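[1] Here is the input, now give the coordinates:
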Amino acid sequence: MLLSCVHLIRRPLQCIQPLLVLPSRSFMDLKALVSSLNDFASLSLAESWDNVGLLVEPSPPHTVSTLFLTNDLTEEVMQEALQKKADLILSYHPPIFRALKRITWKTWKERLVIQALEHRVGIYSPHTAYDAIPNGVNNWLAKGLGVCTTVPLHPSMAPSYPTEGTHRVEFSVDHIEYLETILSSMRGIPEISSLITLPARAEGEEQTRVSLNCTQKALLEVVALLSRNSLLYHKTEIMLLQKPLLPHTGMGRLCTLSEPVSLSALTERIKSHLKLPYIRLALGTGKTLEAKVKVAAVCAGSGSSVLQGVEADLYLTGEMSHHEVLDAVAKGISVILCEHSNTERGFLSELRDMLATHLENKITIIVSERDRDPLQMI
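    The predicted structure follows:
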């Protein structure tokens, strides 16, 4: 048998580089993502006239890997979102506001809907819900003033009543026979709840205190029943059940600066915060650029209705009409206008970070680079 000679060659030991394993792209189901977005900012906080929530939904199932943030969804921004493979667009302003009677290629908003559905991209809009929340658009805008304390100009109320009904009715009855008759009649009225009786003492006599909650509709029947006994009716108390106010939540902000600041210095702060080379300023009657500002009323976007009647040294908003500015100036209130979306857009960077935390970094979140205010200084 022939044996082959084997020569062992010594070579330096080399480290084998492990193959780089890329993590799989994470995603969320659209319904779960929308639910999380609604938890972040309840849509019940939005103004009643607004159109918020999921506006365009691709056929299910639909998963989202990339969430695309923009202030305004224009056709240019839509192309950017498609290029960046967005699965859901969060547009602060709702691209669908008034009802669409047809979906054709004729108008730009109709084309947005067509493109979204063709490319299976959802569209979600929070709008005034983000204005109301404590860490929302208005709080971000108020940061441009410097150190200050803020309270909502128009506080938001809890979305539901603490108890059933809209009114509470209370009255006292001293005759037990009449009490049974009244209670029997009350129980026959629909939309009455929390009907209770408690022993009471009034004017030295033992009586029974009756309390009930009812709706506006039922209140008319309750009043009609009680008015049959004039003595009982004139001792009846009717209270409107108000929704409790939500802390730090609502439209606009009234900002009290920690130290008074000259209007000139404040304008520079605002320009720096909004990253704008120019803003528009109307001096209040009798005021100069060196006038001190201690209290400022702030409203992102179009602030006329929110700021109207508010006492302050300064109004800061995106836009107001000519005559509304004149009214404020006549009251000695200076006005700064920065164009509508310039008072909102900068919030998107903060929103991206907050949503990343809220969604536990499950998806990619990007901010549009093409979104901009349509008005430019030239």
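[2] Could you double-check that Y124 sits in contact with K31?
    No - contact criterion C-beta atoms under 8 Å: Y124 and K31 do not qualify, at 11.8 Å. Where C-beta positions appear, they are placed from N, C-alpha and C, glycine not excepted.
[3] Compare neighbour counts for those two and give me the winner.
    Neighbour count, other C-beta atoms under 10 Å: between Y124 and K31, Y124 has more, with 22 against 13.
[4] what's across from the more buried one in the sheet?
    L54, L90 (DSSP bridges).
[5] That one: what's it in contact with?
    V34, L37, G53, L54, L55, L88, I89, L90, S91 (C-beta atoms under 8 Å, 6 or more residues apart in numbering).
[6] ok, the last one - contacts?
    S91 sits next to T70, N71, D72, L73, I123, Y124, S125 when contact means C-beta under 8 Å, 6+ apart.
[7] Okay, it and N71: tell me how far apart.
    8 Å (C-beta to C-beta, to the nearest Å).
[8] do F40 as well
    Taking C-beta to C-beta, one finds F40 at 17 Å from N71.
[9] Comparing the two, which shows the higher neighbour count?
    Neighbours per residue, other C-beta under 10 Å: of F40 and N71, the larger number sits with N71, 23 against 18.
[10] Run a quick neighbour tally on K294.
    With other C-beta under 10 Å as criterion, K294 counts 15.
[11] pretty sure it contacts C255?
    No - K294 lies out of contact with C255 (C-beta under 8 Å); the separation is 9.5 Å.
[12] one step back: output the contacts of S91 as a markdown table; include the columns pLDDT.
    Shown next, in a markdown table, are the contacts of S91 (pLDDT from 0 to 100):
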| residue | pLDDT |
| --- | --- |
| T70 | 98 |
| N71 | 98 |
| D72 | 98 |
| L73 | 98 |
| I123 | 98 |
| Y124 | 98 |
| S125 | 98 |
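[13] right, and out of these, which lies closest to R102?
    Distance to R102, by C-beta to C-beta, is smallest for I123 among the contacts of S91, at 17.9 Å.
[14] Not counting sequence-adjacent ones, nearest residue to the closest one?
    Leaving aside its sequence neighbours, I123 sits nearest to V56 (C-beta to C-beta, 6 or more residues apart in numbering; 3.9 Å).
[15] per-residue pLDDT, that neighbour?
    Turning to V56, the model gives it a pLDDT of 98.
[16] With T357 instead?
    98.
[17] likewise E164?
    77.
[18] just L3 next, same as before
    38.
[19] Let's check: the centremost residue of this structure is which one?
    A129 (1.5 Å; C-alpha atoms, centre = their mean).
[20] is it true that that one lies in a helix?
    Yes - remark: A129 belongs to a helix, assigned using DSSP: H, G, I helix; E, B strand; the rest coil.
[21] show me the contacts for it.
    A41, S42, L43, S44, L45, A46, D50, V52, G136.
[22] And for G286?
    G332.
[23] if I look at it, how far off is K294?
    Taking C-beta to C-beta, one finds G286 at 16 Å from K294.
[24] residue boundaries of the strands in the stretch 1-150 of the chain?
    28-29, 53-56, 63-64, 66-70, 88-91, 122-125, 148-157 (DSSP state E, counting those that start in this stretch).
[25] If you average pLDDT per helix and strand, which one of the protein comes out bottom?
    helix 230-233 (a mean of 84; mean pLDDT, DSSP states H and E).
[26] does G250 really touch S156, like I thought?
    Yes - using C-beta under 8 Å, G250 is in contact with S156, at 4.4 Å.
[27] Common neighbours of these two, please.
    A132.
[28] ok, S264 - contacts?
    Counted by C-beta under 8 Å, 6+ apart, S264 has contacts L289, E290.
[29] where in the stretch 51-200 of the chain is pLDDT low?
    161-163 (pLDDT under 70).
[30] Within its sheet, name the partner strands of the longest strand along the chain and how each one runs.
    As assigned by DSSP state E, the longest strand anywhere in the chain is strand 245-262. According to DSSP bridges, strand 245-262 has the following sheet partners: strand 148-157 (antiparallel), strand 292-302 (antiparallel).
[31] Which residues does the helix or strand following the shortest one contact?
    On the C-terminal side of strand 148-157, the closest following helix or strand by DSSP states H and E is strand 167-173. Identification of contacts with strand 167-173 by C-beta under 8 Å, 6+ apart yields 179, 182, 200, 202, 207-216, 219, 222, 226, 232, 235-241.
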